[in-house]
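In: what follows is a predicted protein model with its sequence.
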Amino acid sequence: MKQFKKIIVLFAAIFLLCTQAFSQSDAIGKFFNQYVNDDNFTVVSISPKMFKMLSKVNWDDVSPDVKQTVSQITSLRLLETEKNAQQIYRDAARKLNLASYEELMTVRDGGDNVKFLVKENNNIISELLMLVGSDDDFVLMSITGNIDLDKMAKLGQTLNIQDMDKLKNVRKKK
């Protein structure tokens with residue numbers, strides 16, 4: 001009977017952990033879906049299938065690091081707007097439960113706020129979240145996969161993604 005109780009407790013714990021992880025992903029999905037059809041937003045969503053296809057493309061002019069980084073990404077979602085940027089930034093910070101992420105870096109300069117946050121499993125970064133809010137711009141970007149911050153900074157530089165270059169200044173704590 002004790003063994004049976006242990007099994008029930010184990011399954012309950014696994015269920016709760018899965019539910020918590022699912023609800024956070026769902027919160028990000030809901031936030032994106034809230035604005036996906038709003039013409040004031042630029043929305044980019046790249047599926048795992050697209051990243052798989054991109055990793056197989058023969059890019060002669062792209063560095064091996066960039067190719068490897070792309071092959072490790074499973075999805076990218078980006079929301080950007082210039083309208084009501086500070087309000088949407090505050091709304092995102094409130095709705096996304098950022099406490100479930102580890103904050104890597106925050107940059108505040110005047111009215112500009114940039115946050116890099118990660119989700120980590122077994123010392124591997126599984127999600128990188130970038131949240132940018134200023135008087136005239138809001139950006140929320142979620143990248144999932146097996147993420148190396150240095151390589152992600154290089155990819156951001158190659159693709160000219162705003163504020164991703166700041167990742168090169170971050171060293172993950174061990």
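Out: Yes, it's here. Numbering: from 1, shown residues only.
In: which residue is the nearest non-sequential neighbour of F51?
Out: Once flanking residues are discounted, F51 sits nearest to I73: 5.0 Å by C-beta to C-beta, 6 or more residues apart in numbering. In this view, the C-beta of every residue, glycine as well, is placed from N, C-alpha and C.
In: roughly how far apart are Q34 and K119?
Out: 21 Å (C-beta to C-beta, to the nearest Å).
In: more neighbours: the two, which one.
Out: A direct count of neighbours by other C-beta atoms under 10 Å for Q34 and K119 places K119 higher, at 19 against 15.
In: just give me the residue closest to the centre of the chain.
Out: Taking C-alpha atoms, centre = their mean as the criterion, S142 is the residue nearest the geometric centre of the chain, at 2.5 Å.
In: measure the residue nearest to F51 to D150 for me?
Out: 14 Å.
In: quick one: which of the two has more around it?
Out: Using other C-beta under 10 Å as the criterion, I73 and D150 rank with I73 on top: 22 against 14.
In: the more buried one: what's it in contact with?
Out: Going by C-beta atoms under 8 Å, 6 or more residues apart in numbering, I73 touches F51, I143, T144, G145, I147.
In: in helices, which of those residues appear?
Out: The helices in this structure, assigned by DSSP state H, contain F51 from the contacts of I73.
In: can you pick the most crowded of the contacts of I73?
Out: Neighbour max across the contacts of I73 (other C-beta under 10 Å) = I143, 27 neighbours.
In: local confidence estimate at that one?
Out: Reported pLDDT at I143 in the predicted model: 89.
In: relative to N84, how far out is it?
Out: Counting by C-beta to C-beta, the gap from I143 to N84 is 25 Å.
In: going along the chain, name the helices of this protein.
Out: Under DSSP H, the chain gives helices at 2-35, 48-56, 64-72, 85-95, 149-158.
In: which one of those helices has the lowest average pLDDT?
Out: Across these, the lowest-scoring stretch is helix 2-35, with a mean of 52.
In: quick one, what contacts E102?
Out: L117, V118, K119, E120.
In: which of those are buried?
Out: Those of the contacts of E102 that meet the buried threshold are L117, V118, K119, by 16 or more other C-beta atoms under 10 Å.
In: now do the phi/psi pair for the nearest residue to V43 once chain neighbours are set aside.
Out: Leaving aside its chain neighbours, V43 sits nearest to V36 (5.3 Å; criterion: C-beta to C-beta, 6+ apart). When read as degrees, to the nearest 10, the backbone of V36 gives phi -60, psi -30.
In: what are the buried residues along stretch 122-138?
Out: I125, S126, E127, L128, L129, M130, L131, V132, G133, S134, D137, F138.
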